[in-house]
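Asker: give me a 3D structure for the following:
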Amino acid sequence: MWEFGFRDVTLRLLAVDDSVRGQGVGRRLVELFEIQSMKLGAGRVSLGSVEEAKAFYWHLGYRGKTSMHKELPLPGKIRELKLKRWSEQIGDLAVGHTVQVDEGSGQIPSLF
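Answerer: Sure thing, here's the model as predicted:
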């Protein structure tokens, strides 16, 4: 098993079709990546970003100039409880989980 803090994961590519931009799809994809990374024991997510997307990642808690990073929650009871709650919200993606859209905003609600 890896020691916490020594296992970084890298998000290499994320793209969302123009027709669904602004609806929370990109945010949900990043959240899912972070949750799966935590399940694998990762302590940090790193990514590179085009200039136009840096504000999006900044809003999600990523920091940096050329390469952006986000520390994931520390291991322990709180992290385990959060992972359990988030996993329940995600459902079983392998069988195709339907994501409910908020009727008021038309956006996919955040997991965090």
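
Asker: most centrally placed residue in this protein?
Answerer: Glu31 (2.1 Å; Cα atoms, centre = their mean).

Asker: so it sits in a helix?
Answerer: Yes - assessed with DSSP: H, G, I helix; E, B strand; the rest coil, Glu31 lies in a helix.

Asker: can you tell me how far it is from Glu51?
Answerer: As judged by Cβ to Cβ, to the nearest Å, Glu31 and Glu51 stand 23 Å apart. Placement of C-beta: from N, CA and C, glycine included.

Asker: pLDDT (mean, whole number) over stretch 102-112?
Answerer: Per-residue pLDDT over stretch 102-112 has a mean of 70.

Asker: oh, and call the first residue 6 from now on, that's how I've got it
Answerer: Let's use 6 as the start, then, which means that last one is stretch 107-117.

Asker: can you name the residues that contact Trp63?
Answerer: Contact analysis of Trp63 by Cβ atoms under 8 Å, 6 or more residues apart in numbering lists Met73.

Asker: do the one 5 residues further on as well
Answerer: Arg68 makes contact with His74, Lys75 under the criterion Cβ under 8 Å, 6+ apart.

Asker: Provide the backbone phi and psi angles at it.
Answerer: phi -130, psi 150 (degrees, to the nearest 10).

Asker: tell me how far it lies from Leu52.
Answerer: Taking Cβ to Cβ, one finds Arg68 at 11 Å from Leu52.

Asker: common neighbours of those two, please.
Answerer: Common neighbours of Arg68 and Leu52 (Cβ under 8 Å, 6+ apart) are His74.

Asker: and Leu79, how many neighbours?
Answerer: 10 (other Cβ atoms under 10 Å).

Asker: what sits against the nearest residue to Tyr67 once chain neighbours are set aside?
Answerer: With sequence-adjacent residues excluded and distances taken as Cβ to Cβ, 6 or more residues apart in numbering, Tyr67 is closest to Met73, at 4.0 Å. Going by Cβ under 8 Å, 6+ apart, Met73 touches Ser51, Leu52, Gly53, Ser54, Lys59, Tyr62, Trp63, Tyr67.

Asker: no further questions, thank you.
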